[in-house]
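Asks: here are the coordinates; sequence isn't available:
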């Protein structure tokens, strides 16, 4: 069964919190990874590895590069679950 947008956001927020120390409540769909959350490409690569394992989806580097906002990643994960 596919997870809801909220469940994916919560799981992604937990991963980001663990990797960056950012407060979970600051990680929202409309937040930009780079501008708002100060997450760079190397950190995104680490986060993507954890996302792949947690949600059992394959994230290619080219896909991750296109994630500008948290909502982009959530939508990708949701679509990848089928």
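Replies: Arrived safely. Nothing here was measured: the structure is a model prediction, and the numbers come from that model.
Asks: run a quick neighbour tally on residue 63.
Replies: 15 (other C-beta atoms under 10 Å). Every C-beta, even on glycine, is put in place using the N, C-alpha and C of the backbone.
Asks: an error on my part: the question was meant for residue 6.
Replies: Neighbours of residue 6 under the rule other C-beta under 10 Å: 10.
Asks: let me know the secondary structure of it.
Replies: helix (DSSP: H, G, I helix; E, B strand; the rest coil).
Asks: who does the worst-scoring helix or strand of the chain on mean pLDDT touch, helix- and strand-wise?
Replies: Using mean pLDDT, DSSP states H and E, helix 61-65 stands out as the lowest-scoring helix or strand of the chain, at a mean of 89. Here helix 61-65 touches helix 41-55, going by 3 or more C-beta pairs under 8 Å, 6 or more residues apart in numbering; DSSP states H and E.
Asks: in the protein, where is pLDDT below threshold?
Replies: Nowhere does the chain drop to pLDDT under 70.
Asks: could you check how far residue 18 is from residue 32?
Replies: Taking C-beta to C-beta, to the nearest Å as the measure, residue 18 falls 20 Å from residue 32.
Asks: between the two, which has more neighbouring residues?
Replies: residue 32 (15 against 12).
Asks: I'd like to know how far that one sits from residue 40.
Replies: Remark: distance between residue 32 and residue 40 (C-beta to C-beta) = 12 Å.
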